[in-house]
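In: need a structure here:
(one chain, ligands or ions: 2)
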Amino acid sequence: MERPEPTLPLADVKAMIRGAGLRSTTARVAVIQQLASVRLPQTHADVTAALEAFGFDQSTIYRCLTELTDAGLVARLDLGDSLRRFELLKSGTDGFSQHPHFMCVSCGSVSCMDDHSFKIKANNRNATAPGEIQEVLLKGRCSSCQ
Ligand SMILES: [Zn+2]
Ligand SMILES: [Zn+2]
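Out: Ligands and ions are numbered 1, 2, ... in the order given. Next up is the predicted model:
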């Protein structure tokens, strides 16, 4: 199997990992390049499926995802189904992906709405926010299920 062309140069990935205070290992580099090349939230199983052919087992990948999340390079999305999904954070965001996600109610696919932003505006002066918003999820039917 041919490894897909990495979308992020190796030197940049290494610098990112070191910049977050971690040692740059082959597994961490591979996980970041995988998340960068797919550009969609990936489950642990997705990342494992993509990388096990290159000799990384699922516990190594799980550990990498957790370490990269703790280091603030990767966001862990909890979209209400039982699957945890991971995506690469753009630099300058602090632990949250800061863009809405769209989940198809029919096939369960999730996509990033990176080109969209959201703003929540109180309708009256007494409105209080329920808390800190970490995730905005829109649900509907994707273009292939419409
Ligand atoms: Zn769909
Ligand atoms: Zn996203």
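In: All the strands of the protein, residue numbers only.
Out: 42-43, 74-78, 84-88, 101-104, 110-112, 137-140 (DSSP state E).
In: Would you format those as CSV with distance to ligand 1, mean neighbour count and mean pLDDT included?
Out: C-beta: built from backbone N, CA, C; applies to glycine. Putting the strands of the chain into CSV (distance: least, CB to the ion, whole Å; neighbours: other CB atoms under 10 Å; pLDDT from 0 to 100) gives the following:
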stretch, distance to ligand 1, mean neighbour count, mean pLDDT
strand 42-43, 16, 21, 94
strand 74-78, 18, 19, 90
strand 84-88, 16, 21, 93
strand 101-104, 3, 19, 94
strand 110-112, 10, 17, 91
strand 137-140, 9, 12, 93
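In: in this structure, which residue is closest to the centre?
Out: residue 87 (1.1 Å; CA atoms, centre = their mean).
In: Does it touch residue 74 like I think?
Out: Yes - between residue 87 and residue 74 there is a contact under CB atoms under 8 Å: 6.8 Å.
In: Thank you kindly, that will do.
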